[in-house]
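Novice: Predicted model, plus sequence, below.
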Amino acid sequence: MCVDFTDLNKACPKDSYPLPSIDALVDDASGCKMLSFLDAFSGYNQIKMLPRDESKTAFMTETLSSYVLVQEQDQGQKPIYFVSKALQGPETRYQSLEKAALAVVFSARRLRHYFHSFTVVVMTNLPIQKVLQKPDVVGRMVRWAMEFSEFDIQYEPRGSIKGQGSGAGIVLEGPNGVLIKQALRFAFKASNNQVEYEALIAGVLLAKEMGAQSLVVKSDSQLVTGQVTGEYHAKDPQMEAYLKYVQAQVCALEEGDTWMTPYRRYIAYGILPAEPGEGKRIKKNSVRYTLVDGVLFKHGFTHPILTCVSGDECTRIMSELHEGICGSHVGGKSLASKVIHAGFYWPSMREDCVRYAQRCTQCQMHAD
């Protein structure tokens, strides 16, 4: 049996045995013929991991779930904690995605102090975050989603071998023939379709930054073009994620940034605003929203789910409910209630409805 007691006195000088499981370790050591204390800090006893295996720090079998907590440093990744748990009973029959989510649950429970103190990045190619954010998720996934809500957990796809990568180039042509060229270098090994999507996203973001309101995209990838236009269906989860991000960016380009844009970016891609206070607010309130096929919904109190709208759509809804076929020229508060019952929401809804009712010509002419 080997126990690593590196820097224990420094971690807790008043306690000779600061490990929370020291009693269990001593009990496990009883009966052993030899107890070896190794200086793990010196590194002479360590077997180095191959660079191409660094990203494979979490693995699962049919009956075992193992995971490693690593810390990113300038020199690379430093393992902090290793946990392995045998799956019991029904757990062995979970789907791969459920087993991966269960591994995160085990990690959060076992390493709670780390999860509370730091931002934890889960490296996985499985869409755990998207499944947990679905409005129709039920059973154990709901319980796990509630557990994760108290931590700052981010999900990223597994990387490839460091030093390898791909590149692409984009050309943005303005209405006056002005050309803007940009070269892209990816820190990961990407497929041809990934490169096409990355170039498309970079081009859309560049056009948005230059103030473009309309955009014509030309690509030599028939698959990517067909998926964006709706001719082809994105079956691969990674291509589906790319497609949703492109659709969100195109929608934002067409309608401009609205109050929904930060929530869409965070729920779909984990991107928060650069300003810390605004990012904290968006992250806190995002639990009330969900994204389905690029459409943002809000969990209501009197209604299960409300469709989020903005801009001219808000005016159209108020007009239809106030003076449309079923309209009765009600007051502002009643109009806001009708908007909610119709299944729509935007943050300034109540103020806008009061202002709309006050400015209604018919209401002013026939008011008592």
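Specialist: Done, it's in. These numbers come from a predicted model, not from an experiment. Numbers count the residues shown, from 1 in each chain.

Novice: Which residue would you name as the spatial centre of this protein?
Specialist: Among the residues of the chain, the smallest C-alpha distance to the mean C-alpha position (CA atoms, centre = their mean) belongs to Gly270, namely 3.5 Å.

Novice: Am I right that it is in contact with Pro157?
Specialist: No: Gly270 is not in contact with Pro157 according to CB atoms under 8 Å; the separation is 11.4 Å. From N, CA and C alone the C-beta is placed, and that goes for glycine too.

Novice: show me what contacts the residue nearest to the centre of the chain?
Specialist: Neighbour list for Gly270: Gln129, Gln154, Tyr155 [criterion: CB atoms under 8 Å, 6 or more residues apart in numbering].

Novice: Out of the residues you listed, list just those in strands.
Specialist: By the criterion of DSSP state E, membership of the contacts of Gly270 in strands covers Gln154, Tyr155.

Novice: Buried ones from the contacts of Gly270, can you make that a ChimeraX selection?
Specialist: Only the buried members of the contacts of Gly270 end up in this ChimeraX selection, burial being decided by 16 or more other CB atoms under 10 Å:
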select :129,155
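
Novice: how about the contacts of Gly270 in JSON lines, adding pLDDT and distance to Val171?
Specialist: Rendered in JSON lines, the data for those read as follows (pLDDT from 0 to 100; distance: CB to CB, whole Å):
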{"residue": "Gln129", "pLDDT": "80", "distance to Val171": "34"}
{"residue": "Gln154", "pLDDT": "84", "distance to Val171": "33"}
{"residue": "Tyr155", "pLDDT": "82", "distance to Val171": "33"}
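
Novice: For Thr229, state which of the contacts of Gly270 is nearest.
Specialist: The shortest distance between Thr229 and any of the contacts of Gly270, using CB to CB, involves Gln129 and amounts to 27.2 Å.

Novice: how much space between the spatially closest residue to the closest one that is not a sequence neighbour and Lys181?
Specialist: Counting by CB to CB, 6 or more residues apart in numbering, Gln129 lies nearest to Tyr155, which is 4.4 Å off, once chain neighbours are set aside. Counting by CB to CB, to the nearest Å, the gap between Tyr155 and Lys181 amounts to 33 Å.

Novice: Repeat that for Gly332.
Specialist: As defined by CB to CB, Gly332 lies at a distance of 52 Å from Lys181.

Novice: same question, Ser328
Specialist: Counting by CB to CB, the gap from Ser328 to Lys181 is 58 Å.

Novice: What ranges in the stretch 201-350 of the chain fall below the confidence cut-off?
Specialist: Counting by pLDDT under 70, the stretch 201-350 of the chain has low-confidence residues at 209-211, 213, 251-252, 254-256, 269, 293, 302, 326-327.

Novice: Apply 90 and report the result again.
Specialist: Per-residue confidence for the stretch 201-350 of the chain (pLDDT under 90) gives these ranges: 201-277, 279, 283-288, 290-296, 299-305, 310-313, 315-338, 340-343.

Novice: Now do the domain split for the protein, please.
Specialist: The chain is divided into the following domains under automatic domain parsing: 2-37, 51-156, 300-366.

Novice: Which strands or helices does the helix or strand containing Gly169 pack on?
Specialist: Remark: Gly169 resides in strand 166-173, with elements defined by DSSP states H and E. Secondary structure elements in contact with strand 166-173, counted by 3 or more CB pairs under 8 Å, 6 or more residues apart in numbering; DSSP states H and E, are strand 179-186, helix 192-209.

Novice: averaged over its residues, what pLDDT does the first one have?
Specialist: If I follow you right, that is strand 179-186. Rounded to a whole number, the mean pLDDT of strand 179-186 is 75.

Novice: Quick check, Thr124 in contact with Val131.
Specialist: No: using CB under 8 Å, Thr124 and Val131 do not qualify as a contacting pair, with a distance of 11.5 Å.

Novice: how about the strands of the stretch 251-368 of the chain, start to end?
Specialist: Listed in chain order, the strands of the stretch 251-368 of the chain (DSSP state E, counting those that start in this stretch) span 289-292, 295-298, 306-308, 344-345.

Novice: Save the ones you listed as a markdown table, and put in distance to Arg109 and mean neighbour count too.
Specialist: Compiled in a markdown table, these are given as follows (distance: least, CB to CB, whole Å; neighbours: other CB atoms under 10 Å):
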| stretch | distance to Arg109 | mean neighbour count |
| --- | --- | --- |
| strand 289-292 | 25 | 19 |
| strand 295-298 | 30 | 18 |
| strand 306-308 | 34 | 20 |
| strand 344-345 | 35 | 20 |
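
Novice: Look at Glu351 and report its pLDDT.
Specialist: In this model, Glu351 carries a pLDDT of 92.

Novice: still on that earlier bit, for Gly332 and Lys181, work out which one has more neighbours and name it.
Specialist: Taking Gly332 and Lys181 together and counting by other CB atoms under 10 Å, Gly332 has the greater number of neighbours (20 against 9).

Novice: got a list of what the more buried one touches?
Specialist: Applying CB under 8 Å, 6+ apart, the residues near Gly332 are Arg350, Cys353, Val354, Arg355, Tyr356, Ala357, Gln358.

Novice: any idea how far the fifth one is from Cys308?
Specialist: As judged by CB to CB, Tyr356 and Cys308 stand 18 Å apart.

Novice: if we can go back for a sec, of the strands of the stretch 251-368 of the chain, which is nearest Ser107?
Specialist: strand 289-292 (24.8 Å).

Novice: That'll do, ta.
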